[in-house]
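Peer 1: Pasting a predicted model and its sequence here:
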Amino acid sequence: MRDPPRNWGDASNIYIHYSAFEIHRADSNEKSGWMTALSEDGWIDLSTVIDVEKTMVDARLEPGRYNIIRFEILEVKITVDNLNKTASVASNKLNIPIMDGGITLSGGRTSELVIDFETTVAGSEKSGYRLIPNVKAIQG
């Protein structure tokens with residue numbers, strides 16, 4: 001995961017509590033559908049992955065074509081003036097398209113996908129903070 005700190009407003013950090021990574025297999029046979037890649041939850045501080053990558057999921061998948069990743073956002077915290085604040089997000093489940101029509105995995109090979117977050121933090125203390133994610137996955 002990488003994240004350039006654009007449009008964070010007053011926030012110096014963004015913490016995302018995530019869970020349930022799934023990947024969509026897009027083959028034209030009975031093996032198409034959603035597969036769980038990670039069922040545990042974790043946290044990521046987007047300020048620590050600026051121009052660096054951090055592995056969030058390491059999964060073994062069957063050979064095939066995959067086109068979407070999705071995961072749940074359980075909670076979002078942002079740091080404003082050295083205090084952590086709760087931020088809302090419009091949908092707690094992010095569907096992330098894999099660019100260039102997806103990725104084809106073949107047996108015995110390792111592939112990498114990078115989730116690129118270009119988030120915006122909107123709102124204020126008074127109106128409430130909102131995280132607006134713009135997310136894509138690219139073959140790394």
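Peer 2: Yep, that arrived.
Peer 1: What score does the residue most central in space within the chain have for pLDDT?
Peer 2: The chain has Ile115 as the residue nearest its centroid, 5.6 Å off, counting by C-alpha atoms, centre = their mean. On the pLDDT scale, Ile115 is placed at 86.
Peer 1: from the chain's centre, how far out does whichever strand or helix holds it sit?
Peer 2: Assigned by DSSP states H and E, Ile115 falls within strand 113-117. Distance of strand 113-117 from the chain centroid (C-alpha atoms, centre = their mean, to the nearest Å) equals 7 Å.
Peer 1: ok, and what's touching whichever helix or strand comes after that strand?
Peer 2: As assigned by DSSP H and E, the chain's next helix or strand after strand 113-117 is strand 120-124. Residues from elsewhere that reach strand 120-124, judged by C-beta atoms under 8 Å, 6 or more residues apart in numbering: 6-11, 14, 78, 87, 129-132, 134. Every residue, glycine included, has its C-beta placed from N, CA and C.
Peer 1: Note down every partner strand of strand 120-124 and its orientation.
Peer 2: Strands flanking strand 120-124 in the sheet, each with its direction: strand 128-132 (antiparallel) (DSSP bridges).
Peer 1: What residues sit buried inside the partner strand?
Peer 2: Tyr129, Leu131 (16 or more other C-beta atoms under 10 Å).
Peer 1: could I get it in PDB with only the CA atoms?
Peer 2: Extracted in PDB, the C-alpha atoms of strand 128-132 (Å, rounded to 0.1, in the frame of the first residue of the first chain):
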ATOM      1  CA  GLY A 128     -17.400  16.000  11.600                       C
ATOM      2  CA  TYR A 129     -14.500  14.600   9.600                       C
ATOM      3  CA  ARG A 130     -15.000  12.400   6.600                       C
ATOM      4  CA  LEU A 131     -12.600  10.200   4.700                       C
ATOM      5  CA  ILE A 132     -13.100  10.200   1.000                       C
END
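Peer 1: Done for today, thanks.
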